[in-house]
Structure formats: structure tokens, C-alpha cells
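Peer 1: Just the structure for this:
(one chain, ligands or ions: 1)
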Amino acid sequence: MAAAAEAVTEVDATNEEGEEEEQVVNPWEVSAGKGGIDYDKLVDQFGCQRLDDALVARVARLTARPPHRFLRRGLFFAHRDLNEILDLYEKGEKFYLYTGRGPSSEALHLGHLIPFMFTKYLQDAFKVPLVIQLTDDEKFLWKNLTVEETKRLARENAKDIIACGFDVERTFIFSDFNYVGGAFYENMVKVARCVTYNKVVGIFGFTPEDHIGKVSFPPVQAVPSFPSSFPHLFSGNDQLRCLIPCAIDQDPYFRMTRDVAPRIGYQKPSLIESRFFPALQGENTKMSASDPNSAIYVTDSAKEIKTKVNKYAFSGGRDSIELHRKLGANLDVDVPIKYLNFFLEDDNELEHIKKEYKEGRMLTGEVKQCLVAVLSELVARHQRARALVTEEMVDVFMAARPLPNMFG
Ligand code: TRP
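Peer 2: Numbering: from 1, shown residues only. Got it, this is the predicted structure:
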């Protein structure tokens, strides 16, 4: 990490011994201090806004449906100018959604699904079009993969994304290798001319040893925020607003984008940002592609899910049953509870489990059993949906075509 990047992306956290630990959050690295990620500090440091209860209530009112559990539970917890999008929406002006994925692996894990599950809810609730960027070029530049392999992974990942239930009449999925050019490329160079080398080093922490492919990439992720990058969708609608659901590690890209937008005559995109989904081993560790036991994959069988949860999910329960009955579980570090918080839909059931577990009446094994049931159901449902996604469907979602009913 370059010193310049440390200035903007690292926060000091102090552990119990008073030692300083730094938390690092950027698009390529997420590492927590001792006590897990300090999201409050992140919001202040990045300069985004907190997504409070009033704003969640407003979303519910405007969409005439209950807020998604990710909103109810503060899992999407930060935003930039979401209120502006809602003000306009209230006046009858629509917007479009933009999200993406870097196709670096064959199988997605549960953490990868979160932005897509949430985006699907936003699309249904607001009835708006959506563009999904597959950054095969980004993964070529950052990982040791061939162009062919990243393109193949993009297509495979598109199937998992489609399986999340997106509406084909409102959704355009594109791979950078296939789509970049034309108006999209014109916007890229407009952005590029506004960002100095110093600035990009400050935002992303590139070092003199980094190849120039990395330095040149940020405009690629920036310009889907501008409707004119998609003439087949938004021609004549250059000022249409854009809302980006993403995990907060992507914020640097969009800080850059929002900084440039007014200088090239465009609207700044708004953002709605999530926390990270913890690894099975706990909040301080990372889900890693090289350790299959650190995450649940959407390809896992019910048996694998059961084994992983029972064997690897970090427990906040006590060492002996006697002690557990007496003290109760520590919910702050308990991974099964964190996972249920993401995926158990029923608020009452969740509250009941938390209370019983915290007060020692429920044991870790029982909570894990509940989690295994929830996750097996979710993963099995995803697998069934993915099996129904054909090559033809991928071609349709990925065709640069008009979407005549996208606001309908
Ligand atoms: N860079 C992201 C990744 O590696 C992919 C991405 C592209 C993205 N555009 C986005 C993510 C917009 C969220 C929103 O996964």
C-alpha cells in the first residue's frame, strides 16, 4: 500500500492492549482492526451519510412495501444523496440502477449474492431499469487470468446473477470486453481527462510499480453511472439519475465519479452502501477463494453447508453448557447470529432466537441447526433457479437492446 493511500483508506483502531491496529478498506483490500470493521469511522472518513430509520421509512412509504430486511437491519447502512433520488421519485421522476461484479471466480459465495438480492428488491420496488457491469477487464488486470478465462467467468457469473430473479424487460448485463466502445468510451476519456495521476494515487493507492492498466481502469467503472453511456437505453435522457447499490469497499470509485460528474455536465450518481458479509471464522477474517471453508458457496450441497456451519462458524457460545446457561452467548462475535441477521426473513423469529441464545436458554448447536435450515433452503432455491438459466437467456440479458417497458 502506498503511503498516499494510507492517508485516505486506513483508520486507526485501538485494541484492548492499547496497541494501534489499522483498518484498511479499499476495492482490493478489506482488513479489520482487532474489533472488526469500524463502520462509523468508515462513514466519517469516506464522507458518506448514514442511512437512518427515517430514510428507511421513507423508502417504505414511497414504494408502498415493507423495507427489505437488509434495510430494516441496517445492513445497507450508508448512502450518498439517496434523499435526492427519493425527492425526484416522489415528484414522478424515475432513475436507473447500476451495480456490478468482477468475475474472478467460478462460484459465488453468499457475500457476493447480497448486492444482487438487494438490487433485485430495489428494481421490483421502484420499477426501474438496471445495468449490471461485469468487469472482466478489471480481473484480467488484477488477477493472473487470461482474457478468455475472465470472459468465460463473466458469462458463468451472469447466470448466477440472472438466477437472482432480475426482470429481463428492465435489465441489461454487459461485459466490459464486449461492450466498451462508442458513447461508453467517449465518457471514459472525458472522465480520464479530469483525473490527475496524483488524484488517482490518493484515492486508490497505486504505487510506481503498478502497471498502467490499473491506473487506467477507474473510468471504466465510473461511466456506467452516466446514462449517456447506454444510448440504446437512455438516448435523449442524459440527466437521468443513477443509484448504485454496492458494498462500501467500492466507494472510492464513486467518490472519483461524483467529483468528475458536474465538470463534464452530468449528474452525480447516488449510492446505497452495505456492510461486509463476514467469513465463517468471524468478522476479523476474510472469505478467501483459497480457503473453501471460509465461506458458503452457492454451489455447496446441503451436506457441505451443514458441515461448514457446524465445524467452522465461529461461536459466541460458552465453553461448557453450565457456563453457557449461566452467562449466555456473546452475540457480538457469533457468526451464526450474524448470518441469520442477513438471511432469516422473520423479524420475530430472529428476535426470539437472539434473546434465548443471549440468555443461555438456547445452545450454539440449536442456533446452528436453524442457520443450516435457512441456508440450505436459500442455496437450493438458487441452484434450482440457476439450472433454469439457458445460454439463450444469457444472450438476451447481454444484448445491447432497447428496453421499451423499463419504467412501466
Ligand atoms: N469492481 C467490482 C468488483 O470487483 C465490480 C463492479 C463494477 C461494481 N461496477 C460496479 C460493484 C458497481 C458495485 C457497483 O466486484
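Peer 1: The residue sitting furthest away from the middle of the chain sits in which helix or strand?
Peer 2: Distance from the C-alpha centroid of the chain, by Cα atoms, centre = their mean, peaks at Glu322 (40.2 Å). Element membership for Glu322, per DSSP states H and E: helix 321-327.
Peer 1: Quick one: residues in contact with whatever helix or strand comes next after that helix.
Peer 2: Next along the chain after helix 321-327, taking DSSP H and E as the criterion, comes helix 335-343. Here helix 335-343 makes contact (Cβ atoms under 8 Å, 6 or more residues apart in numbering) with 69-70, 73, 75, 110, 114, 277-278, 280-283, 309, 313-316, 329, 331, 350, 353-354, 357, 364, 367-368, 370-371, 374-375, 378. Glycine gets a C-beta too; all of them are placed from N, C-alpha and C.
Peer 1: Give the burial count for Gly213, as a bare number.
Peer 2: Neighbour count of Gly213, defined by other Cβ atoms under 10 Å: 12.
Peer 1: Pull the contacting residues for it.
Peer 2: Contacts of Gly213 by Cβ under 8 Å, 6+ apart are Leu141.
Peer 1: Distance check, it against the ligand.
Peer 2: To the ligand, Gly213 is 14 Å away according to Cβ to the nearest ligand atom, to the nearest Å.
Peer 1: Show me which parts of the helix or strand that contains that residue are buried, residue by residue.
Peer 2: According to DSSP H and E, Gly213 maps onto helix 212-216. For helix 212-216, a neighbour-count test (16 or more other Cβ atoms under 10 Å) marks 214-215 as buried.
Peer 1: mind checking how far the residue of the stretch 251-400 of the chain found nearest the ligand is from Leu344?
Peer 2: In the stretch 251-400 of the chain, the residue that lies nearest the ligand is Tyr253 (7.0 Å; Cβ to the nearest ligand atom). Distance of Tyr253 to Leu344, computed by Cβ to Cβ, to the nearest Å: 32 Å.
Peer 1: okay, the two: which has more neighbours?
Peer 2: When Tyr253 and Leu344 are compared for neighbours, Tyr253 comes out ahead with 24 against 20, by other Cβ under 10 Å.
Peer 1: show me what contacts the nearest residue to the more buried one once chain neighbours are set aside?
Peer 2: Closest residue to Tyr253 apart from its sequence neighbours, by Cβ to Cβ, 6 or more residues apart in numbering: Gln221 at 4.8 Å. Counting by Cβ under 8 Å, 6+ apart, Gln221 touches 100, 133, 135, 138, 250, 253.
Peer 1: if we take the residues you listed, which one ends up nearest to the ligand?
Peer 2: Using Cβ to the nearest ligand atom, the contacts of Gln221 come closest to the ligand at Gly100, 2.6 Å.
Peer 1: how many neighbours does that closest one have?
Peer 2: Neighbourhood size, Gly100 [other Cβ under 10 Å]: 22.
Peer 1: do the one 10 residues further on as well
Peer 2: In terms of burial, Leu110 registers 22 neighbours under the definition other Cβ under 10 Å.
Peer 1: and the residue in the stretch 101-250 of the chain that the ligand sits nearest to, what pLDDT?
Peer 2: Proximity of the stretch 101-250 of the chain to the ligand (Cβ to the nearest ligand atom) peaks at Gly102, 2.7 Å away. Note for Gly102: predicted pLDDT of 97.
Peer 1: ok, how many other residues are close to it?
Peer 2: 24.
Peer 1: again, but for Ile37
Peer 2: Around Ile37 there are 22 residues (other Cβ under 10 Å).
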